[in-house]
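Asks: Please find the sequence and the predicted model below.
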Number of protein chains: 2
Amino acid sequence: MHRFFVPASRISGGRISFSNEQRKQLRNVLRLRSGDVVTALDGSGREFVTKIEALDGKLAIGKIMETRTPSTEPNTRLTLVISLPKGERLDLILQKCTEIGAAKFLIIETVRTVRRIAPDKIPAKLDRWRTIVKEAAEQCGRTRLPTVDGVISLEDALAQVKSGTGVIAWEEEEETNLSSVLPRIKSADEITLFIGPEGGFTEEEVAAARAAGIIPVSLGPRILRTETAAIVGCTLIIYGPEG
Amino acid sequence: MHRFFVPASRISGGRISFSNEQRKQLRNVLRLRSGDVVTALDGSGREFVTKIEALDGKLAIGKIMETRTPSTEPNTRLTLVISLPKGERLDLILQKCTEIGAAKFLIIETVRTVRRIAPDKIPAKLDRWRTIVKEAAEQCGRTRLPTVDGVISLEDALAQVKSGTGVIAWEEEEETNLSSVLPRIKSADEITLFIGPEGGFTEEEVAAARAAGIIPVSLGPRILRTETAAIVGCTLIIYGPEG
């Protein structure tokens, strides 16, 4: 069944008023009509089995037939803090880590971040990144819509994390593996994973993270590309042992 | 340091004769010259610190200065058996799962495989897939070169797997998670993971796998794309608990 996230403001009196963009999707792309049934999601964990009542060139209205709360969300609320990577790697990271189950994405700039986005271009980029996450979330069966924010500094990102609930992937860490730390931190409600840019975090950045109670961890003896590190790290945290 | 896999036939008397393609890479792309040092790998687990002795328009010869056996290979020898996916998804799977640590890739055709490759086009495709794997292996620090074979039938692939050492990802499996099976099968020297096409395996295919001693497993409540399932499955097996 086709799935659509809709803002809470569009749900009222047991009916859903789809956005203009969704109306076009329903009508012109999926070629649905009155009487067809879709799933609407308010992003809070609930999904609404919704019968289309009206669908034309101007509006798309659905009637909620049933409300469900499926358990497709992971127990761990994972925030991925990721240094803006080159090219289209962030698109891949956002799509894959949404499927894997991340709850929040926070894009940061670090000392070795290669790609820079002019401040006036960031809102358009955020729109694009949020669309990628929304489409992935709709397709894979998420009931909560992951958030995407940024671009902020590493320092500001560190300030948002409670001590002892975060890990930072660092290729120079040789003693502590992510897997070995997980049993300790999985008791936290929220876990934050920091992934650096192509050139890695600097020693000063890792020292700052450590001072904020973030644990430097290794992802093993092979050198993972930044997007692989993000995907592997999210997988190990979401699927890993419960604390 | 730049890394190159070379066939054993090109290593003799403490010297390495690089291929014509590698010669061009060394000379024209990396702009190295005599006296520069690179790492050569014979794919068996050893790496050779190699000083370039001659590099010109005709040949590239290096002298082995030191032989090492680094421990970058995972303990588990993982074979990924993957139904040929659409578009460029296989490229992504090969690259990422090489970094993660898969040892073998076996491409199969299944009932719902959408993409078909004419038999006469398969050798050229295999060349391309092996190049992707080789470049990923060189970059991430592997010392064994993963193999790529196919395209064969699911039946022929099942015949190659020892009972009790394989898992097949199936979205209709609701009881057994991959993570819960791992402690049981990680004692095997080799583990095989079967990943289906976009439309999934058929019930008959899963029954055939089960009859061959392959365990159907779930990758969780979210619907993963085929490439995400391959990457997540490989990650959990390589990084998972030891048997």
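Replies: Here it is on my side, so go on. Numbers count the residues shown, from 1 in each chain, chains lettered A, B, ... in the order given.

Asks: Summarise which helices and strands the helix or strand containing A:L106 is packed against.
Replies: Here A:L106, judged by DSSP states H and E, is contained in strand A:104-109. Applying 3 or more C-beta pairs under 8 Å, 6 or more residues apart in numbering or on different chains; DSSP states H and E, we find strand A:104-109 packed against strand A:77-83, helix A:89-100, helix A:122-140, strand A:147-153, helix A:154-158. Quick note: C-beta positions are derived from backbone N, CA and C, even for glycine.

Asks: what pairs with that strand, and is each one parallel or antiparallel?
Replies: If you go by DSSP bridges, strand A:104-109 pairs up with strand A:77-83 (parallel), strand A:147-153 (parallel).

Asks: Distance check, the closest residue to A:G45 other than its chain neighbours against B:E174.
Replies: Excluding the flanking residues, the one nearest A:G45 by C-beta to C-beta, 6 or more residues apart in numbering or on different chains is A:T143, at 5.0 Å. Note on A:T143: its distance to B:E174, by C-beta to C-beta, to the nearest Å, is 18 Å.

Asks: For the worst-scoring helix or strand of chain A on mean pLDDT, which helices and strands make contact with it?
Replies: Ranking every helix and strand in chain A by mean pLDDT, DSSP states H and E puts helix A:178-185 at the bottom, with a mean of 89. Applying 3+ C-beta pairs under 8 Å, 6+ apart, one finds that helix A:178-185 contacts strand A:166-169, strand A:214-217, helix A:226-239.

Asks: list the helices and strands the second one packs on?
Replies: Contact analysis of strand A:214-217 by 3+ C-beta pairs under 8 Å, 6+ apart lists strand A:166-169, helix A:178-185, helix A:203-211 as its packing neighbours.

Asks: Could you list the low-confidence segments of chain A?
Replies: Within chain A, the ranges that satisfy pLDDT under 70 run A:241-243.

Asks: from what I can see the residue nearest to A:G45 touches A:P70, true?
Replies: Yes: A:T143 is within contact range of A:P70, at 6.0 Å (criterion: C-beta atoms under 8 Å).

Asks: With neighbour numbers in mind, choose between the two.
Replies: Of the pair A:T143 and A:P70, A:T143 is the one with more neighbours under other C-beta atoms under 10 Å in any protein chain shown, namely 22 against 14.

Asks: Quick one: residues contacting the more buried one.
Replies: Residues counted as contacts of A:T143 (C-beta atoms under 8 Å, 6 or more residues apart in numbering or on different chains) are A:41, A:43-47, A:69-70, A:72-73.

Asks: Now the phi/psi pair for the nearest residue to A:S17 once chain neighbours are set aside, please.
Replies: Using C-beta to C-beta, 6+ apart and skipping the chain neighbours, the partner closest in space to A:S17 is A:R10 (4.9 Å). Here is the backbone geometry of A:R10 (degrees, to the nearest 10): phi -100, psi 0.

Asks: So which bits of chain A are right by chain B?
Replies: For chain A, the contact set with chain B under C-beta under 8 Å from any C-beta of the partner chain comprises A:70-72, A:74, A:92, A:96, A:99-101, A:139-142, A:179, A:220-225, A:228, A:231-232, A:235-236, A:238-239.

Asks: If we use 6 Å, what do you get?
Replies: Contact residues, chain A versus chain B (C-beta under 6 Å from any C-beta of the partner chain): A:72, A:96, A:99, A:140-141, A:179, A:221-224, A:228, A:231-232, A:235-236, A:239.

Asks: Under a three-state scheme, what state does the nearest residue to A:G213 once chain neighbours are set aside occupy?
Replies: Nearest residue to A:G213 in three dimensions, chain neighbours excluded: A:S163, at 2.7 Å (C-beta to C-beta, 6+ apart). State at A:S163, reduced to three classes by DSSP: H, G, I helix; E, B strand; the rest coil: coil.
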